[in-house]
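# Here is a sequence together with a model predicted from it:
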Amino acid sequence: MIERLTERLGLRLRFALFFAALGLGGVALIAGALVLGHMRAGGPPDGYVIAGLVSGLGVLGLAAWIGLLFDENVAKPILALASDLTTRARADVDLQIDQDQARHLGTLAPAANAINAALSEARAARQRAVERETARIAREKALFEALFRDLGEGAVVATPDNRVMLYNRMAQELLGDIGLDRPLSAFLRPEPVMNALARMQEARIRGEIGAETFLAASADGTRFLLGRVSPILSDEELSGHVLIFRDATEDLSAHAAHDHLFTTLMEGVRRPAGTIGALLEVLQSVDDLAPEERAKMRQGIEDEVTRLFACLDDLSARHAAIKSRRWPMSPVAVNHVFDGVRAQGGADIRITHSDAMLSCDGFAVTTLLSVILRHLAEDGKRAGFTLAAERDGAEIRLLLGWTGAAVGDGELTGWLKAPLSAAYGDYSGRDALAAHQTEIWPETGKEGYRVVLPLAAAAAPLAPGDARPEFYDFDLPAAPGGDLADTPLSDLNFVVFDTETTGLSPRGGDEIVQIAGLRIVNGRILRGESFETLVNPGRPIPPASTRVHHITDAMVTDAPDISEAGRRFHDFCRGAVLVAHNAPFDLAFLRLKEQAIGRHFDNPVLCTVLMSAGLFAHTGQHTLDALCDRFGVHIPPQARHTAMGDTVATAEVFVRMLALLSDKGVTTLGGAIAEEGRQTRLRKAQAY
């Protein structure tokens, strides 16, 4: 019983009770001594009573004073040392312990630092051993990441219950805010995929293992994705499935455009052809037609022929545009084209290197320039061949130059009529130019002659990925089931977020000017799955607030308002526990705008201020800067008081706090919320 009681009492309270008992014991001893003295010596009791009161109060005062000194110089430093050691042991923090805080404890603080140093050395040795043992795996992992991340098709690996556990950059490009542990139905219309999965399962029962195709719309309906889904089997058990897909929206659009083009062609040709046929029939059948009538009919035929050619020209241009959309254009480096021409052209050529990128059929362009180079060099009248590129707006002009005899338009046209190569069949240079919607022409250059081939510059590539890719996790925990309060913290997804505002009074008219969020899945901070946006507050930003977060009125002029930004942020937070430093402040701004946003922020919430107060009760320092110092988290000065900078810092602190909560026995969401609920004084101060 006594052991259980002492476990429930804190160290400082136990010391306080000890000194209280010491003081009361001293008072009892003095009182007993005075009573005994009076019984033996006799005399008036007033003096004994006064002496007892004075000495008793003195003993109690002395006990209280010594107790306070002991609390300040012994109890608090012991708790601080214990907290620092626990933090370094459980949260992988490699910082020296501040010995000055325990200067009255003799060699205890240096001993704690020695333990910390030994722990750091052991951790470093373990890390070196792990790195040596996993070097081969790391190389294979890096190869896998590089190959998978940059596949030209979208790829997603899902768990058996259809949660994302791997995706590549193209999938992110096609599906938007895809993320680990999110349900597939958040990004794809589920029915076609479920149907393909059902067919796949039926095939497995028959002993057939293979891919099933699907055509599914994205969740927002803006894209159609054509793909295939394959099972992942482990010991004959289904452990997930792989989806490989590409954007079929353009194919469907081009198919519809072809059908529309054919219909337009028939309608555009039928009337002029019918009119021409009728007029010719009249001209041939009527011999005595008056000259003026005959002239009118001939003019009518000419008009219809003009109309017919205009229709054909228009449809030809539209057909070329549709064909170019479906032709296999891809980003190609100019230098790669030039190197191919040098290899195939059969003539010495000087190349000016370029870092430009083309959007083209690289093989066709390389072959076309090689064919022209061979024709230029075959009669020996030309030499000094050069290849260069120059940017012209949205185009890259490829320049094949030479000295010697010029080339006429007719000669160049003849070269373009021939098939490019056996690989292309009858596909000619003229066909290649039409597919790229461009032309090629000869002209006089600065140092002789040249042919010019303009091609579209490639669009900006996908944004480079994080140096440490975070697009997969093969150890995702099971999906939470039952009461969320009983769910282990390790099985939950978190969105750590922060806001910047026009001021500190959400109910006094202040507004959000920036929101940032970062996902944590399976204990990992996913820097590649982030949310950040400026918000137009609909009111001026006070200069005092701008001095803090450096956001000006000009910066938010074209930013979305809180309705749009709030909806996007709400979608980002779907299915996650919200985490923030001083969370009631940030949530007050969002919840006051729920009607305008059209969404309710009813996610469970954890606050790192309250968590800190429970974990580090010996100190009153619970600011974000204090927590960063405690855990060794560095915030660049330029990132402090920016929404994303503070979000990253809070996330780094939070994942370390989870380890300390587990060590304290707090392992579920309900336990963490209950632990926060005990911080009544701070919770009252957080009433916004």
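Alright, I've got the coordinates.
# only C-alpha atoms for contact and neighbour calcs from this point on.
OK.
# Is Ile178 located within a strand, as I assumed?
No. When DSSP: H, G, I helix; E, B strand; the rest coil is applied, Ile178 is found to be coil, with no strand at that position.
# Can you get me a residue count around it?
25 (other C-alpha atoms under 10 Å).
# again, but for the one 5 residues further on
Using other C-alpha under 10 Å, the number of residues around Pro183 comes to 19.
# Before we move on, what's the pLDDT of it?
Looking at Pro183, its pLDDT is 90.
# Tell me if I'm right that it and Asn162 touch.
Yes. Between Pro183 and Asn162 a contact is recorded at 5.9 Å, counting by C-alpha atoms under 8 Å.
# need the strands for the stretch 101-250 of the chain, in chain order.
Per DSSP state E, counting those that start in this stretch, the stretch 101-250 of the chain carries strands over the ranges 154-158, 164-167, 212-217, 224-234, 237-247.
# can I assume Arg163 is in contact with Gly179?
No. Here Arg163 lies out of contact with Gly179, judged by C-alpha under 8 Å, at a distance of 9.3 Å.
# ranges for the helices of the stretch 301-450 of the chain?
334-344, 362-377, 409-417, 429-435 (DSSP state H, counting those that start in this stretch).
# now the stretch 51-200 of the chain
So, for the stretch 51-200 of the chain - with DSSP H, counting those that start in this stretch - the helices run 76-90, 108-133, 135-149, 169-175, 190-205.
# ok, of these, where does mean pLDDT dip lowest?
The minimum mean pLDDT among those belongs to helix 135-149 (a mean of 63).
# Who are the contact partners of the closest residue to Leu518 other than its chain neighbours?
Excluding the flanking residues, the one nearest Leu518 by C-alpha to C-alpha, 6 or more residues apart in numbering is Ser530, at 4.6 Å. Counting by C-alpha atoms under 8 Å, 6 or more residues apart in numbering, Ser530 makes contact with Ala516, Gly517, Leu518, Arg519.
# May I ask which helix or strand encompasses Ser530?
strand 524-534 (DSSP states H and E).
# Kindly format the C-alpha coordinates of that strand as PDB.
Output in PDB follows, covering the C-alpha atoms of strand 524-534 (Å, rounded to 0.1, in the frame of the first residue of the first chain):
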ATOM      1  CA  ARG A 524       8.000   9.400 -39.800                       C
ATOM      2  CA  ILE A 525       7.800  13.100 -40.700                       C
ATOM      3  CA  LEU A 526       6.800  13.100 -44.400                       C
ATOM      4  CA  ARG A 527       8.400  16.200 -45.800                       C
ATOM      5  CA  GLY A 528       7.200  15.400 -49.200                       C
ATOM      6  CA  GLU A 529       3.500  15.400 -48.000                       C
ATOM      7  CA  SER A 530       3.100  19.000 -46.900                       C
ATOM      8  CA  PHE A 531       0.500  21.700 -47.100                       C
ATOM      9  CA  GLU A 532       1.400  25.400 -47.300                       C
ATOM     10  CA  THR A 533      -0.600  28.400 -48.500                       C
ATOM     11  CA  LEU A 534      -0.900  32.100 -47.900                       C
END
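# Parallel or antiparallel, list what pairs with that strand.
Sheet pairing of strand 524-534 (DSSP bridges) gives strand 512-521 (antiparallel).
# How about the partner strand, which residues are buried there?
For strand 512-521, burial by neighbour count (16 or more other C-alpha atoms under 10 Å) applies to Ile512, Val513, Gln514, Ile515, Ala516, Gly517, Leu518, Arg519, Ile520, Val521.
# can I get those in JSON lines with pLDDT?
Converted to JSON lines, the buried residues of strand 512-521 look like this (pLDDT from 0 to 100):
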{"residue": "Ile512", "pLDDT": "96"}
{"residue": "Val513", "pLDDT": "96"}
{"residue": "Gln514", "pLDDT": "96"}
{"residue": "Ile515", "pLDDT": "97"}
{"residue": "Ala516", "pLDDT": "96"}
{"residue": "Gly517", "pLDDT": "95"}
{"residue": "Leu518", "pLDDT": "95"}
{"residue": "Arg519", "pLDDT": "94"}
{"residue": "Ile520", "pLDDT": "94"}
{"residue": "Val521", "pLDDT": "92"}
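# Any chance of a markdown table for these, columns distance to Phe18?
As requested, the buried residues of strand 512-521 are exported to a markdown table (distance: C-alpha to C-alpha, whole Å):
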| residue | distance to Phe18 |
| --- | --- |
| Ile512 | 51 |
| Val513 | 53 |
| Gln514 | 52 |
| Ile515 | 51 |
| Ala516 | 50 |
| Gly517 | 48 |
| Leu518 | 48 |
| Arg519 | 47 |
| Ile520 | 45 |
| Val521 | 46 |
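# Which one of Arg163 and Gly179 is surrounded by more residues?
Higher neighbour count among Arg163 and Gly179: Gly179, with 27 against 22, using other C-alpha under 10 Å.
# What is the neighbour count of Phe385?
With other C-alpha under 10 Å as criterion, Phe385 counts 21.
# Let me fix that, I meant to ask about Met297.
Met297: 18 surrounding residues under other C-alpha under 10 Å.
# now, which of the buried residues of strand 512-521 sits nearest Gly67?
Looking at these and their distance to Gly67, the nearest is Ile520, at 44.6 Å (C-alpha to C-alpha).
# Now the closest one. Nearest residue, chain neighbours left out?
Phe494 (5.0 Å).
# what is the one you found paired to in the beta sheet?
With DSSP bridges as the criterion, Phe494 is bridged to Ile520, Val577.
# In this structure it contacts Phe572, no?
No. Applying C-alpha under 8 Å, one finds Phe494 not in contact with Phe572, separated by 10.8 Å.
# more crowded one of those two?
Ranked by neighbour count (other C-alpha under 10 Å), Phe494 and Phe572 place Phe494 first, with 28 against 20.
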